[in-house]
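Peer 1: I'd like to go over a predicted model; first the sequence, then the structure.
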Amino acid sequence: MNTNRAKERYLRDGFVVRPDILTIEHCDTLTNDLLRWFENQSISENHYGILFHNLYAEIPSFLTLLEDGILQREAEVIYGSSLVFFQDNLIWKPPSSQEAINWHQDYSYWPLSKPSGITLWLALDDATLDNGCLQFCRHSHRQGECIPNDFIANTPAQWATSLPTLKIQQHDIQQLTLAKGSVSLHHPLVAHTSAPNTSHHHRRAWSITFVDPNIQWDFLHAPHPYRYQFSCNTEDLPKEQNHSISLCPPPIKKL
């Protein structure tokens, strides 16, 4: 699929696949580094699997890949303009993971003023129907922001009950299998989910979010699921809630 068609599909459906962005050998290097790092950590698996924030700050090969810019360039091509790095997540479903991730929109959990950005999801293993590949609801980003899921209580979030209910139409659901080294890119408002891993294989992925540098912090918009690690001194932030995200970039060089 050429770039123009990929951008059109992203705008239409809210997500798109870009195959073979990394080689299998590169992915194997990343997963080997991940396994060596994980052996020395005390990270507990929960019913969803293993989730970890700021992986780039822990493993040099992930930081090198981020600084290389290949992933950011893919995101910018689909988004259509320059972006800055916002956050990353390791999303690891071991064979033992038992819980599905409920339908949700990523923007629901971001302390940002608007959903201007894109998330790139890098498959470090083949993502299959059996091991819990992502599933998207086509066109759902056009619904606007809806009531989010509270992942702790696993119920509709009480902090946003004034928002409309997210509508999932069965005929719009697409299960997105990905080969190792391929990426999916999705809109902050597109609804997505993933099933438990019922296979005997791991499903590891690195999710990276890039945002428009002109959006603003809005700490009242939503409780961020992780304690955000500001690279600047929070005592120096303006007193008002809204200020440019570029005032407080993540602790890596701007790509």
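Peer 2: Cool, got the structure. Numbers count the residues shown, from 1 in each chain.
Peer 1: Can you identify the element that follows the host helix or strand of L51 toward the C-terminus?
Peer 2: Secondary structure assigned from DSSP states H and E places L51 in strand 50-53. Using DSSP H and E, the helix or strand that follows strand 50-53 towards the C-terminus is helix 60-68.
Peer 1: I'd guessed Q174 sits against C133; true?
Peer 2: No: the criterion here is C-beta atoms under 8 Å, and Q174 misses it with C133 at 10.2 Å. Every residue, glycine included, has its C-beta placed from N, CA and C.
Peer 1: neighbour count winner among these two?
Peer 2: Higher neighbour count among Q174 and C133: C133, with 21 against 14, using other C-beta atoms under 10 Å.
Peer 1: Show the contacting residues for the more buried one.
Peer 2: Taking C-beta atoms under 8 Å, 6 or more residues apart in numbering as the criterion, C133 is in contact with A127, Q175, L176, T177, L178, S194, A195, R203.
Peer 1: Where does pLDDT dip in the stretch 1-150 of the chain?
Peer 2: In the predicted model of the stretch 1-150 of the chain, no residue satisfies pLDDT under 70.
Peer 1: and of the contacts of C133, the nearest to Q98?
Peer 2: Lowest distance from Q98 to those (C-beta to C-beta) belongs to A195, with 10.5 Å.
Peer 1: Give me the helices and strands touching the strand holding L51, please.
Peer 2: Other helices and strands packing on strand 50-53, by 3 or more C-beta pairs under 8 Å, 6 or more residues apart in numbering; DSSP states H and E, are strand 84-93.
Peer 1: The strand it packs on - contacts with which helices or strands?
Peer 2: Here strand 84-93 is seen to pack against strand 50-53, helix 60-68, strand 203-211 when contacts are counted using 3+ C-beta pairs under 8 Å, 6+ apart.
Peer 1: Show me the strands in the stretch 1-150 of the chain, by range?
Peer 2: Using DSSP state E, counting those that start in this stretch, the strands found in the stretch 1-150 of the chain span residues 15-18, 50-53, 84-93, 101-104, 117-123, 134-137, 149-150.
Peer 1: can I get these in JSON lines with distance to P164 and mean neighbour count?
Peer 2: As requested, these are exported to JSON lines (distance: least, C-beta to C-beta, whole Å; neighbours: other C-beta atoms under 10 Å):
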{"stretch": "strand 15-18", "distance to P164": "21", "mean neighbour count": "21"}
{"stretch": "strand 50-53", "distance to P164": "28", "mean neighbour count": "18"}
{"stretch": "strand 84-93", "distance to P164": "25", "mean neighbour count": "22"}
{"stretch": "strand 101-104", "distance to P164": "14", "mean neighbour count": "19"}
{"stretch": "strand 117-123", "distance to P164": "21", "mean neighbour count": "25"}
{"stretch": "strand 134-137", "distance to P164": "14", "mean neighbour count": "23"}
{"stretch": "strand 149-150", "distance to P164": "14", "mean neighbour count": "18"}
